[in-house]
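Student: dropping the sequence and predicted coords here.
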Amino acid sequence: MTTFTIKRYHPESDAKPYWQSFEVEADSSMTILQGLQLVREKQDATLSWRSSCRMGVCGSCAIVANGQPVLACNTRVHAVSEKEIKLEPLANLEVIKDLVADLEPAMDHHKRLKPYIIRDDTDDHWEDGRELSQTPAELLDYMQFSYCMKCCACISACPTVAMHAGFPGPMPLAQAHRYNADTRDDGFDERCAVVSEHTDLAHCHYAGECSRVCPKGVDPARAIQLMKRDMVMALFRARRREPAQLVDPIPASPIGDVDDSLKPPARTVKGA
């Protein structure tokens, strides 16, 4: 039996948060999410948390287990503790109810930093079938940061978010760098202007907790440091970085019509 000690709080009816314990028969394969489902089905139907995919993809079930932000759906109970596991909502965020944290402020910061590709092209450029060219090496520059699923575990672990109310947090800043590093994008100056309004990057002192708890290995701490570097280099940049240009699509060749120069040389078999 494993004790689930859960931090309960309903702002509409509770004066302050309190702890409540439940005994759960957990085997070595049970996840925290499965344990919570058992508690709600058999002991307390009022228990609330957020979850969706149950596969470690959506990030909605992020909570704090024994002081560590984790995904409830892919974290086994015994990997945390076989005796007692203490569950809390994500830190540095308001609580909606029990283990449900309010992610809206984090998403507002995320939207403020324009997490999308910005182009100067007019719409008619996209109607003729042309594409934006990008090499595999250019893709690798930002691919790691594109794995973020917005679970906000990094925000819960960030000491700077706890100290500075206006600090966006690792997730929004890392996603801003993800698009700055994309060669198809031309919004670097716009995002840097937003960041500079509140000196957001200057508050990050590289504690690294955000990268340590990230369930997808995004490494937001590294993204923030790279963004700092790019902003400093931009001050000495002689000219504006040009984004990837539209290129004409490669026309499809008829089957069997292959240029002779592209054919492999004929093989010669010894003794033939």
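Tutor: All right, it came through fine.
Student: what about the closest residue to residue 138 other than its chain neighbours, how many neighbours?
Tutor: Excluding its sequence neighbours, the residue lying closest to residue 138 (C-beta to C-beta, 6 or more residues apart in numbering) is residue 183, at 4.6 Å. Where C-beta positions appear, they are placed from N, C-alpha and C, glycine not excepted. Residues within reach of residue 183, counting by other C-beta atoms under 10 Å, total 19.
Student: just the pLDDT for residue 183.
Tutor: pLDDT for residue 183: 92.
Student: quote the end-to-end distance of stretch 91-105.
Tutor: 13 Å (C-alpha to C-alpha, to the nearest Å).
Student: and what of stretch 191-206?
Tutor: 21 Å.
Student: got a list of contacts for that stretch?
Tutor: With contact meaning C-beta atoms under 8 Å, 6 or more residues apart in numbering, stretch 191-206 is reached by 112-114, 160, 163-164, 166-168, 170, 173, 176, 179-180, 221, 224-225, 227-228, 231, 234.
Student: restricted to buried residues, select those residues in ChimeraX.
Tutor: Per 16 or more other C-beta atoms under 10 Å, the buried members of the contacts of stretch 191-206 correspond to this ChimeraX selection:
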select :112,113,114,160,164,167,168,170,173,176,179,180,221,224,225,227,228,231
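Student: now the helices for the stretch 101-250 of the chain?
Tutor: Applying DSSP state H, counting those that start in this stretch to the stretch 101-250 of the chain gives helices spanning 104-112, 136-143, 153-157, 159-163, 170-180, 188-197, 209-213, 220-235.
Student: same list (those) but as a markdown table, adding distance to residue 49.
Tutor: Below are those laid out as a markdown table (distance: least, C-beta to C-beta, whole Å):
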| stretch | distance to residue 49 |
| --- | --- |
| helix 104-112 | 17 |
| helix 136-143 | 31 |
| helix 153-157 | 14 |
| helix 159-163 | 21 |
| helix 170-180 | 20 |
| helix 188-197 | 33 |
| helix 209-213 | 18 |
| helix 220-235 | 24 |
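Student: mind putting those helices in TSV, distance to residue 21 and mean pLDDT included?
Tutor: Converted to TSV, the helices of the stretch 101-250 of the chain look like this (distance: least, C-beta to C-beta, whole Å; pLDDT from 0 to 100):
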stretch	distance to residue 21	mean pLDDT
helix 104-112	30	95
helix 136-143	43	94
helix 153-157	23	97
helix 159-163	27	93
helix 170-180	32	96
helix 188-197	44	88
helix 209-213	25	96
helix 220-235	34	91
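Student: so which of those helices is nearest residue 58?
Tutor: helix 153-157 (12.8 Å; C-beta to C-beta).
Student: could I get that closest one in CSV with only the CA atoms?
Tutor: The C-alpha coordinates for helix 153-157 follow below in CSV (Å, rounded to 0.1, in the frame of the first residue of the first chain):
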residue,chain,number,x,y,z
ALA,A,153,6.8,22.0,-15.5
CYS,A,154,9.8,24.3,-16.2
ILE,A,155,7.8,27.3,-14.9
SER,A,156,7.0,25.4,-11.7
ALA,A,157,10.7,24.7,-11.1
